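Engineer: Whatever this is, show me its structure:
(one chain, ligands or ions: 2)
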Amino acid sequence: MKRTKIVDAVKGGDLIGQDVCVKGWVRTRRGNKHVQFVALNDGSTIKNLQIVFDMEKFDEESLKAITTGSSLCVIGKMVESMGKGQNCEVQAEKFEVYGTADPNTYPLQKKGHSLEFLRDIAHLRPRTNTFGAILRVRSILAYAIHKFFNEKGFFYLNTPLITASDCEGAGAMFQVTTLPLNNLPKTEDGDVDYSKDFFGKATALTVSGQLEGELGATALGAIYTFGPTFRAENSNTPRHLAEFWMIEPEMAFYDITDNMDLAEEFIKYCIKYALENARDDIEFLQQMYDNELISRLESVINNDFVRLTYTEGVKILMESGQKFEFPVYWGADLASEHERYLVEQHFKKPVILTDYPKEIKAFYMKQNEDEKTVRAMDVLFPKIGEIIGGSEREADYDKLMGRINELGIPMKDMWWYLDTRKFGTVPHSGFGLGFERLVLFVTGMANIRDVIAFPRFPGNAEF
Ligand code: ATP
Ligand code: MN
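Structural biologist: Ligands and ions are numbered 1, 2, ... in the order given. Next up is the predicted model:
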């Protein structure tokens with residue numbers, strides 16, 4: 001008999017009165033001598049399907065293996081439910097236990113485990129309501145991202161994960177090598193001889209696909225990347241991972257305003273798509289963790305983002321009378337407390353901050369006429385702080401080289417990047433959205449380690 005997924009089964013509808021076959025994992029079993037109720041879940045929805053065992057048809061002994069966490073196949077008749085909490089239920093006629101789960105050792109017994117505890121059993125936490133909901137929302141958001149860019153005529157470009165450019169500057173890198181660490185080949189000067197390494201040079205995991213993204217944009221017009229990114233920063237914060245996923249659109253012929261318009265439209269589209277297509281999961285998360293979740297999501301969709309310059313933003317912060325842990329002054333890199341003050345206290349809306357001091361931004365950003373600032377843009381969100389970082393890029397070869405020399409950036413492996421400015425250079429822009437920060441926002445969770453199935457952070461590479 002063909003299996004019905006529980007997401008379809010719980011709707012009842014035409015299935016009422018029919019025999020169905022359902023499969024899944026037991027969430028709970030309760031009941032008495034006459035009747036037993038099993039809540040079955042197969043991961044296709046937050047909802048459980050109620051299976052009713054009439055104890056006149058089954059003996060107590062045969063149901064012994066049906067414990068929390070065990071896996072089942074059940075065939076039975078779908079009927080309307082008398083009980084509250086569900087429209088329909090299955091009256092079991094036959095069942096098979098695929099796998100038992102010993103109640104003495106299966107860790108997901110009682111309800112209400114802490115998120116910290118669940119992090120230690122990340123191999124099993126996807127079976128909880130919370131992580132089922134988060135992972136479904138994450139998947140739906142990933143689909144929305146591809147859908148958005150596809151509808152806009154962007155091409156999906158896959159940039160390399162292993163890179164030899166050491167000037168990206170976005171964060172500390174994880175080295176990639178096949179050299180024997182206990183017997184390193186050395187040059188005459190006593191340095192490690194990377195010419196003997198796998199790629200013939202020192203390589204690392206990428207911190208951003210942007211530089212290659214620019215090669216794509218200046219050929220295909222508009223591209224986006226969506227892939228893993230690695231940063232060996234030792235930041236034990238609720239907003240940083242060592243391995244995270246980034247979406248990086250890059251567009252030829254876009255100036256900073258076009259870039260801001262795209263970022264705003266994009267993020268609103270994704271949130272709206274999740275609200276429409278992952279409603280049950282988001283409602284569950286709201287009920288369990290964050291009672292303002294849906295109103296916050298709707299307020300982002302329904303309001304224009306505030307756009308102001310870094311200089312104006314710093315002025316507001318300095319005049320706020322607010323005590324911050326890190327001091328604010330013109331030239332300071334804003335911390336998440338400053339970003340959140342602007343968004344949550346001052347404007348009560350997402351903010352796009354532009355034109356940052358060049359000293360705190362990357363070499364490739366377009367230099368403004370004031371010679372002090374660059375055409376950077378950061379999108380700041382409630383509860384998150386920076387969710388997007390982007391800029392219009394410096395398209396002028398001489399200005400770009402000027403900045404590179406000022407900063408003393410080693411360019412020997414970067415000749416290919418400079419070629420974009422030598423041959424048919426065009427105004428262009430792009431940005432990077434940290435996928436997990438978007439998932440954090442949409443799920444209302446507080447810790448980034450809870451919105452990726454198997455998080456990587458300092459001291460942890462389990463699972
Ligand atoms: P932050 O200041 O928050 O550390 P950043 O300025 O270093 O971020 P960018 O280099 O601008 O980050 O990267 C683009 C986007 O990638 C950020 O806006 C953020 O959403 C995300 N991001 C950056 N670092 C991390 C990280 N370690 N873990 C998860 N997401 C990250
Ligand atoms: Mn940034």
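
Engineer: Below-threshold pLDDT in the protein: ranges please.
Structural biologist: Applying pLDDT under 70 to the chain flags residues 110, 166-170.

Engineer: ok, 80 please
Structural biologist: 110-112, 166-171, 235, 413 (pLDDT under 80).

Engineer: center of it, which residue is that?
Structural biologist: residue 436 (2.2 Å; Cα atoms, centre = their mean).

Engineer: State the three-state secondary structure for that one.
Structural biologist: The three-state label given to residue 436 by DSSP: H, G, I helix; E, B strand; the rest coil is helix.

Engineer: Wait, it touches residue 241, no?
Structural biologist: Yes: the pair residue 436 / residue 241 is scored as a contact, 6.2 Å apart, by Cβ atoms under 8 Å. From N, CA and C alone the C-beta is placed, and that goes for glycine too.

Engineer: one step back: residue contacts, the residue nearest to the centre of the chain?
Structural biologist: Residues in contact with residue 436, defined by Cβ atoms under 8 Å, 6 or more residues apart in numbering, are 241, 244-245, 448, 451-452.

Engineer: Turn the residues you listed into TSV, including neighbour count and secondary structure.
Structural biologist: Listed next are the contacts of residue 436 as TSV, based on neighbours: other Cβ atoms under 10 Å; DSSP: H, G, I helix; E, B strand; the rest coil:
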residue	neighbour count	secondary structure
241	23	coil
244	20	strand
245	20	strand
448	21	helix
451	26	coil
452	21	coil
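
Engineer: Tell me which two in those are the farthest apart.
Structural biologist: Maximum pairwise distance in the contacts of residue 436, criterion Cβ to Cβ, is 11.3 Å, between 245 and 448.

Engineer: residue contacts, residue 264?
Structural biologist: By Cβ under 8 Å, 6+ apart, the residues touching residue 264 are 304-305, 352, 379.

Engineer: Contact residues of the chain facing ligand 1?
Structural biologist: 170-171, 231, 240-241, 244, 246, 386-389, 432-434, 436-437 (Cβ under 6 Å from any ligand atom).

Engineer: Identify the residue of the stretch 251-400 of the chain closest to ligand 1, quick one.
Structural biologist: Closest residue of the stretch 251-400 of the chain to ligand 1, Cβ to the nearest ligand atom: residue 389 (2.6 Å).

Engineer: Name the surrounding residues that touch the helix or strand containing that residue.
Structural biologist: Residue 389 belongs to strand 385-392 when assigned by DSSP states H and E. For strand 385-392, the surrounding residues in contact (Cβ under 8 Å, 6+ apart) are 239, 254-256, 259, 263, 267, 336, 339-340, 343, 361-362, 364-366, 374-381, 427-434, 437-438, 441.

Engineer: Report all helices and strands that the following helix or strand past that strand contacts.
Structural biologist: Downstream of strand 385-392, the first helix or strand assigned by DSSP H and E is helix 397-407. Helices and strands touching helix 397-407, by 3 or more Cβ pairs under 8 Å, 6 or more residues apart in numbering; DSSP states H and E, are helix 415-422.

Engineer: Quick check: the closest residue in space to residue 159 that isn't next to it in sequence vs ligand 1, distance?
Structural biologist: Taking Cβ to Cβ, 6 or more residues apart in numbering, and ignoring the residues beside it in sequence, residue 159 has residue 209 as its nearest neighbour in space, at 3.3 Å. Look at residue 209 and ligand 1: by Cβ to the nearest ligand atom, to the nearest Å, they are 11 Å apart.

Engineer: hang on, isn't residue 209 packed against residue 245?
Structural biologist: No: here residue 209 lies out of contact with residue 245, judged by Cβ under 8 Å, at a distance of 11.0 Å.

Engineer: Would you mind grabbing the residues shared as contacts by these two?
Structural biologist: 227, 229.

Engineer: Among the contacts of residue 264, name the buried ones.
Structural biologist: Those of those that meet the buried threshold are 305, 352, 379, by 16 or more other Cβ atoms under 10 Å.
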